[in-house]
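A.B. asks: based on what follows, work out the 3D shape:
(one chain, ligands or ions: 1)
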Amino acid sequence: MILYPTLVLDKTYTPVTIFSHKKAFLLELLNKCEVLEHYERIKLHSPSCEFPAPLVIKIPVLFRHWQSSPTRRALFIRDNFTCAYCGKTVKDNEATVDHLVPKSRGGKWEWENLVTSCSECNQRKGNRTPKEAGMELLFKPKRPSTIQIALNRWKSKFNEEFLRALSTYGIRSINVSIG
Ligand SMILES: [Zn+2]
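C.D. replies: Numbering: from 1, shown residues only. Presented below is the predicted three-dimensional model:
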């Protein structure tokens, strides 16, 4: 089954994440969300009837942004699978995590100290800070919001209706890698 994105708002109407339309529909059936908009053409089918797929839902919670430490994969998604030093796109199995302040010198595993790097740049930098290595960062690593992570994860599945919903709820740019 093809999965379509459903924008999830918290109770303050702030976009907080993206669910698949199927998951959103299940929440609707369970009365765990309010559907604010449906897709016009995308439907879910049961043997006897069809239902419009949720496009935007509201969940009755106040959402707190991601406080936990990053996983490797979440980091790569935050950085859009781009090496922070040379800008090269790296595949999942080629990407490495670079500690800005090296681990051996007390650098922590946290969003602000970690960037995606290709293995060449990571080796070149070695056990030094970017400054010591004379390597410039193309972006400053930040703790992302869950909506940024979700947008990056789902962007290949965006469609016209979904993009319209994003802009309705204040997300103007789909260039969300990090800024
Ligand atoms: Zn590189």
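A.B. asks: so the residue nearest to T6 when sequence neighbours are not counted versus F51, what's the distance?
C.D. replies: In this structure, T6 finds its nearest non-sequential neighbour in A24, 3.8 Å apart by CB to CB, 6 or more residues apart in numbering. Using the backbone N, CA and C atoms, a C-beta is placed for each residue, glycine as well. Distance, A24 to F51, using CB to CB, to the nearest Å: 11 Å.
A.B. asks: more crowded one of the two?
C.D. replies: A direct count of neighbours by other CB atoms under 10 Å for A24 and F51 places A24 higher, at 26 against 13.
A.B. asks: kindly report the residues of the protein close to the ion.
C.D. replies: 83, 85-86, 88, 118, 121 (CB under 5 Å from the ion).
A.B. asks: show me where this structure has its helices.
C.D. replies: Assigned helices in the chain, in chain order: 21-29, 72-78, 119-125, 130-133, 146-154, 160-168 (criterion: DSSP state H).
A.B. asks: Serialize these to TSV and add fields for mean pLDDT.
C.D. replies: Converted to TSV, these look like this (pLDDT from 0 to 100):
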stretch	mean pLDDT
helix 21-29	96
helix 72-78	90
helix 119-125	97
helix 130-133	97
helix 146-154	87
helix 160-168	94
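A.B. asks: so which of these is the most surrounded?
C.D. replies: helix 146-154 (a mean of 20; mean count of other CB atoms under 10 Å).
A.B. asks: distance-wise, check the residue nearest to the spatial centre of the chain relative to E50.
C.D. replies: Residue closest to the mean C-alpha point of the chain, counted by CA atoms, centre = their mean, is I149 at 1.3 Å. From I149 across to E50, the span is 32 Å (CB to CB).
A.B. asks: equivalent analysis for C86, please.
C.D. replies: According to CB to CB, C86 and E50 sit 49 Å apart.
A.B. asks: tell me which of the two has more neighbours.
C.D. replies: Comparing C86 with E50 by other CB under 10 Å, the one with more neighbours is C86, at 14 against 9.
A.B. asks: picking up where we left off before, surely the residue nearest to the centre of the chain is in contact with R73?
C.D. replies: No: using CB atoms under 8 Å, I149 is not in contact with R73; the gap is 9.9 Å.
A.B. asks: the helix or strand bottoming out on mean pLDDT in the chain: how far from the chain's middle?
C.D. replies: Every helix and strand in the chain was compared by mean pLDDT, DSSP states H and E; the lowest is helix 146-154, with a mean of 87. Helix 146-154 has its C-alpha centroid displaced from the chain centroid by 2 Å (CA atoms, centre = their mean, to the nearest Å).
A.B. asks: give me the helices and strands touching that helix, please.
C.D. replies: In this structure, helix 146-154 packs against strand 15-20, helix 72-78, with contacts taken as 3 or more CB pairs under 8 Å, 6 or more residues apart in numbering; DSSP states H and E.
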